[in-house]
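**Q** Make a model of this:
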Amino acid sequence: MLISVVYPDGKHDLVKDFYLTYLIDTREIAKFKRADDWIDINSDKVRGRGQKQSYQGPERRCSSQELTTAAS
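**A** Below you'll find the model as predicted:
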């Protein structure tokens, strides 16, 4: 899937969806297009931004051992 992005210099581009997270984290883009609107990474809420501390709650994901056992 390709996503429209705008770089800080105003240049437009299309990038693959898996590359978008990297571009946001490294602040190499200014905006990206969601289905309904353009999102400005400096002023709009973007998933994962500002949440650098680790999760402190209980572990709810299953372990790799549980996945191995379930697949057998």
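
**Q** What ranges in this protein fall below the confidence cut-off?
**A** Counting by pLDDT under 70, the low-confidence segments of the chain come to 47-56, 62-72.

**Q** one more time with 50
**A** Applying pLDDT under 50 to the chain flags the ranges 51.

**Q** Can you show me the strands along it?
**A** Chain-ordered strands for the chain, with DSSP state E as the definition, fall at 2-6, 12-16, 31-33, 38-40.

**Q** for this protein, which residue is closest to the average position?
**A** When the chain is reduced to its mean C-alpha position, the closest residue under CA atoms, centre = their mean turns out to be residue 21, at 3.7 Å.

**Q** do you know how far that residue is from residue 58?
**A** 26 Å (CB to CB, to the nearest Å). Glycine gets a C-beta too; all of them are placed from N, C-alpha and C.

**Q** How about residue 12?
**A** Between residue 12 and residue 58 the distance, using CB to CB, works out to 44 Å.

**Q** neighbour count winner among those two?
**A** Neighbours around residue 12 and residue 58, counted as other CB atoms under 10 Å, are more numerous at residue 12. The numbers are 10 against 5.
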